[in-house]
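Engineer: missing the sequence, but the structure's below:
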Ligand SMILES: Cc1ncc(COP(=O)(O)O)c(C=O)c1O
Ligand SMILES: N[C@@H](CCCC[NH3+])C(=O)O
């Protein structure tokens, strides 16, 4: 929901742009950290969700760690000032060069995703006189009950080490003094809204924690990943997710041994609601069966609808809210200008009557929005507007 002054300020700007409400981001971070601190949990931010400069600065200042999935993300986290002792590095395909970046910066931990990768990290660390701290990312075969494209913890998924390979991992760990085995890592998927999934995850983590403990490995860290979902349907009802309820699940169901640390890697839950993609209506096409709203933003700015048929709330930004509320409603397919039929933000969307030049906001676009943008069709670079630029 945008107020009149904000909408008027948007009207002055060249579109499309990502609007980031850094005040909401700060409130979200405060809430998440307060809830985590209750249980002594550690929160890392998954940079892949959004590595916009100002967003990263806010998150770094709030004191979160960084979860990275490439050498460049590790470098970005270091450059932004994240504490290297709080940087973790996951990813199924870390190149030698990327592993060396992690070693060079003495990051907190590599979340290792295959037996072969473990051996490579052991070798590279040895050659460079380093000791690499590692956690094994285990694929626990837990169904995240989310879109199949963003499920990561099933046997059929490429992520993590299969349970039957764990004994092989221990052999490698024994072989290399250059490996320090500090933890277990899990991440079963994204946009998880059924909290029972996290209960099932806890049950699995406990089993693996016991398995290693019985073999003499009392691990320092249990990293349960991220995945907490948000409300795409009604972002104004739930601008900040229920972090307390989420962490409480782990408090209740995760069995910590001694002073084991519990780490989280949240992306979407921290940054999605603070972002909107703001676009202008280029054309209203009236058809026989349906009408189209052609926007100046497309799948090149926000590809989630095209890629996952993801729902994002589409809002008409009008300075006359009363007219919008009381006037007639029209059903539109809301599409972008890109030369692809999948370039569609929403089908049969009911909106007030919209005119050429009107502004439209596509909500909950702070996570996996601009980071997944492309220059397809030789599109312009992404533009941004931040709340502190337009409100006194
Ligand atoms: C290893 C890992 N950690 C954390 C995340 C962040 O996930 P989310 O944005 O759903 O919290 C991801 C992305 O799915 C991931 O792959
Ligand atoms: N890109 C996905 C999330 C993937 C998370 C990383 N494994 C999305 O837009 O929902």
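Structural biologist: That came through, no problem. In this text the structure is predicted, and so the values were computed from the model without any measurement. Numbering: from 1, shown residues only. Ligands and ions are numbered 1, 2, ... in the order given.
Engineer: Not counting its neighbours along the chain, what's nearest residue 261?
Structural biologist: If the residues on either side of it in the chain are set aside, residue 261 comes closest to residue 221, at 4.9 Å by CB to CB, 6 or more residues apart in numbering. C-betas here are computed from N, CA, C, even on glycine.
Engineer: who's in contact with residue 85?
Structural biologist: residue 108 (CB atoms under 8 Å, 6 or more residues apart in numbering).
Engineer: pretty sure it is in a helix, no?
Structural biologist: Yes: going by DSSP: H, G, I helix; E, B strand; the rest coil, the assignment for residue 85 places it inside a helix.
Engineer: residues near residue 269, how many?
Structural biologist: Residue 269 has 27 neighbouring residues, counting by other CB atoms under 10 Å.
Engineer: just the one 10 residues further on next, same as before
Structural biologist: Neighbourhood size, residue 279 [other CB under 10 Å]: 27.
Engineer: what about the residue lying closest to it once chain neighbours are set aside, helix or strand, and which?
Structural biologist: The shortest distance from residue 279 to any residue other than its chain neighbours is 3.6 Å, reached at residue 297 (CB to CB, 6+ apart). Using DSSP states H and E, residue 297 sits within no helix or strand.
Engineer: Can you pull the phi and psi angles for residue 297?
Structural biologist: In terms of degrees, to the nearest 10, the main-chain angles of residue 297 are phi -100, psi 150.
Engineer: ok, it to residue 208 distance?
Structural biologist: With distances defined as CB to CB, to the nearest Å, the gap from residue 297 to residue 208 amounts to 44 Å.
Engineer: ok now the strand ranked longest in the chain, how far from the chain's centre?
Structural biologist: Looking only at the chain and at elements set by DSSP state E, the strand with the highest residue count is strand 275-286. Relative to its parent chain, strand 275-286 has a centroid offset of 25 Å by CA atoms, centre = their mean, to the nearest Å.
Engineer: Which helix or strand lies directly C-terminal to it?
Structural biologist: Helices and strands here follow DSSP H and E; after strand 275-286, the next one along the chain is strand 291-295.
Engineer: Which positions in the following helix or strand past that next one come out as buried?
Structural biologist: Per DSSP H and E, strand 291-295 leads on to helix 304-308 as the next helix or strand towards the C-terminus. Of the residues in helix 304-308, those buried under the neighbour-count criterion (16 or more other CB atoms under 10 Å) are 304-306.
Engineer: Closest one of these to ligand 1?
Structural biologist: When the buried residues of helix 304-308 are compared for distance to ligand 1, the smallest value, 12.1 Å, is given by residue 304; criterion: CB to the nearest ligand atom.
Engineer: Just give the nearest non-adjacent residue to the closest one, would you?
Structural biologist: Among residues not flanking residue 304 along the chain, residue 310 sits closest, at 3.9 Å (CB to CB, 6+ apart).
Engineer: With residue 158 instead?
Structural biologist: Spatial nearest neighbour of residue 158, excluding adjacent residues (CB to CB, 6+ apart): residue 92 at 5.5 Å.
Engineer: before we move on, back to that, between residue 297 and residue 208, who's got more neighbours?
Structural biologist: Looking at residue 297 and residue 208 with other CB under 10 Å, you find the greater number of neighbours at residue 297, namely 26 against 18.
Engineer: give the contact list for that one.
Structural biologist: Listed by CB under 8 Å, 6+ apart, the contact partners of residue 297 are 15-16, 277-279, 336, 345, 362.
Engineer: for residue 147, same thing?
Structural biologist: Taking CB under 8 Å, 6+ apart as the criterion, residue 147 is in contact with 191, 308, 310.
Engineer: hmm, try it at 10 Å
Structural biologist: Contact analysis of residue 147 by CB atoms under 10 Å, 6 or more residues apart in numbering lists 189-191, 304, 307-310.
Engineer: wait, residue 133 sits on residue 220?
Structural biologist: Yes: if you go by CB atoms under 10 Å, residue 133 and residue 220 touch, sitting 8.9 Å apart.
Engineer: so what sits against both of those two?
Structural biologist: 109, 180-183.
Engineer: mind pulling up the phi and psi values for residue 54?
Structural biologist: For residue 54, the backbone dihedrals are phi -70, psi -30 (criterion: degrees, to the nearest 10).
Engineer: mind listing what it touches?
Structural biologist: Taking CB under 10 Å, 6+ apart as the test, what residue 54 contacts is 20, 22, 25, 384, 386, 388.
Engineer: For the residue nearest to residue 261, give the beta-bridge partners.
Structural biologist: When assigned by DSSP bridges, residue 221 has beta-bridge partners residue 183, residue 261.
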